[in-house]
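Novice: Structure for the following, please:
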Amino acid sequence: PMAEAALGSAGLHFDELNKLRVLEPEVAAQTAQLREECRAFVDKTAEFQKIVVSLSELLDQMAKGAESEKMKAIGARNLLTSITKQREAQEQQLQALIAEKKMQLERYRIEYETLCKTEADRNEFIDQFIFQK
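Specialist: Model (predicted):
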């Protein structure tokens, strides 16, 4: 014990295996415990970093998927708009064609009425000519 006290005053100590140490056994044990806690903390931090990277990659994939779906939706909307405009243009063409055919029908009706009147006039002329003889 006296030797231990002399060594202790010089800053030297014996550990549980009776090895000569510079640190007190209690300080050495606390240092070892702190080292283990630090290792555990570093391991947990590394695991957390892996989780963050994995989550970031997953979010990037989801963002790309959402962007792809958004582009598909925009393409579908543009296609629908294009089809609608084509249908409107086609409807206008058909309306113009209907108006043209109605005008043509009216011309044919007037021409028919004129021809009927001319035929009636000629038949009347022929009848008068035959009765005069």
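
Novice: C-alpha from now on. contacts and neighbour counts both.
Specialist: Fine.

Novice: Can you show me the helices along this structure?
Specialist: If DSSP state H is used as the criterion, the helices of the chain fall at 2-9, 25-132.

Novice: Could you tell me the least trusted of the ones you listed?
Specialist: For the helices of the chain, the bottom mean pLDDT is recorded on helix 2-9, which sits at a mean of 63.

Novice: any idea how far Asp43 is from Ala32?
Specialist: Going from Ala32 to Asp43 by C-alpha to C-alpha, to the nearest Å gives 16 Å.

Novice: Repeat that for Leu80.
Specialist: Separation of Leu80 from Asp43 (C-alpha to C-alpha): 55 Å.

Novice: what does Leu59 give?
Specialist: Look at Leu59 and Asp43: by C-alpha to C-alpha, they are 24 Å apart.

Novice: what about Arg39, neighbour count?
Specialist: When neighbours are defined as other C-alpha atoms under 10 Å, Arg39 has 12 of them.

Novice: What residues of stretch 97-104 count as buried?
Specialist: When neighbours are counted by 16 or more other C-alpha atoms under 10 Å, no buried residue of stretch 97-104 is found.

Novice: Restrict that stretch to CA atoms and write it as CSV.
Specialist: C-alpha atoms of stretch 97-104 as CSV (Å, rounded to 0.1, in the frame of the first residue of the first chain):
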residue,chain,number,x,y,z
LEU,A,97,-70.4,22.1,-97.3
ILE,A,98,-74.0,21.9,-96.1
ALA,A,99,-74.5,25.6,-96.8
GLU,A,100,-73.0,25.1,-100.3
LYS,A,101,-75.3,22.2,-101.0
LYS,A,102,-78.3,24.1,-99.8
MET,A,103,-77.5,26.9,-102.2
GLN,A,104,-77.0,24.4,-105.0
